[in-house]
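J.: Need a 3D model of the following:
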Amino acid sequence: MTREQKNQEIANLAETLSSNGIIYLADISELDSSNTSKLRRMCFKKEVQIKMVKNTLLAKAIEKVEDKDFGEIPSVLKGSTSLMISETGNVPAKLIKEFRKKEEKPLLKAAYIDESVYIGDDQLEMLAALKSKDELIAEVVSILQSPAKTVVSQLQSGKDKLSGVVKALADREE
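T.: From the prediction side, this is the model:
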């Protein structure tokens, strides 16, 4: 790779890092070609971009990004590194977790999710359990609808009781 190509790749990586809020770094070394293809297909289906990166170029790209603090992420840039980009914070973690049901890799090196940094594979369970924005909105809507549904059902059941009481009173008077 020429110096110009390296500089272009660093600029591309810096742009990717600055324009995305959800970034995972994973180690997919030791996966054979068929498993790597399976992982890539899973990523494509889940709308997760995956790309192998050189650690030195990624470290330089991280230095160039000024509007984000990647914390300790440069310290994990050793060995094989894959960059995973997603629109939803928990999707890459769920994908890694699902893939590891059959394989030992990929291992989570680090994750950057909306200004929070997570280091190490031990964070995978917690990241997979995070709720996405859509899941949170659905939960709030469900909570807000619950009291209204209760009131409506009570009113509907109450009309039957009320009409029964009125009918019973009318029958008694006759």
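J.: For the chain, just list every one of the strands.
T.: Assigned by DSSP state E, the strands in the chain fall at 22-27, 49-53, 81-85, 107-113, 116-119.
J.: want to try CSV for those strands, with mean neighbour count and distance to residue 169 as columns?
T.: All C-beta atoms are positioned from the backbone trio N, CA, C, and that covers glycine. Below are those laid out as CSV (neighbours: other C-beta atoms under 10 Å; distance: least, C-beta to C-beta, whole Å):
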stretch, mean neighbour count, distance to residue 169
strand 22-27, 22, 65
strand 49-53, 15, 71
strand 81-85, 21, 70
strand 107-113, 22, 64
strand 116-119, 16, 65
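J.: could those strands be laid out in JSON lines, adding mean pLDDT and distance to residue 9?
T.: Shown next, in JSON lines, are these (pLDDT from 0 to 100; distance: least, C-beta to C-beta, whole Å):
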{"stretch": "strand 22-27", "mean pLDDT": "92", "distance to residue 9": "16"}
{"stretch": "strand 49-53", "mean pLDDT": "92", "distance to residue 9": "8"}
{"stretch": "strand 81-85", "mean pLDDT": "92", "distance to residue 9": "12"}
{"stretch": "strand 107-113", "mean pLDDT": "91", "distance to residue 9": "19"}
{"stretch": "strand 116-119", "mean pLDDT": "90", "distance to residue 9": "23"}
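J.: Can you redo these as CSV, where the extra columns are distance to residue 140?
T.: Below are the strands of the chain laid out as CSV (distance: least, C-beta to C-beta, whole Å):
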stretch, distance to residue 140
strand 22-27, 21
strand 49-53, 29
strand 81-85, 27
strand 107-113, 20
strand 116-119, 21
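J.: And these: which comes nearest residue 73?
T.: The minimum distance between residue 73 and the strands of the chain falls on strand 107-113, with 4.8 Å, by C-beta to C-beta.
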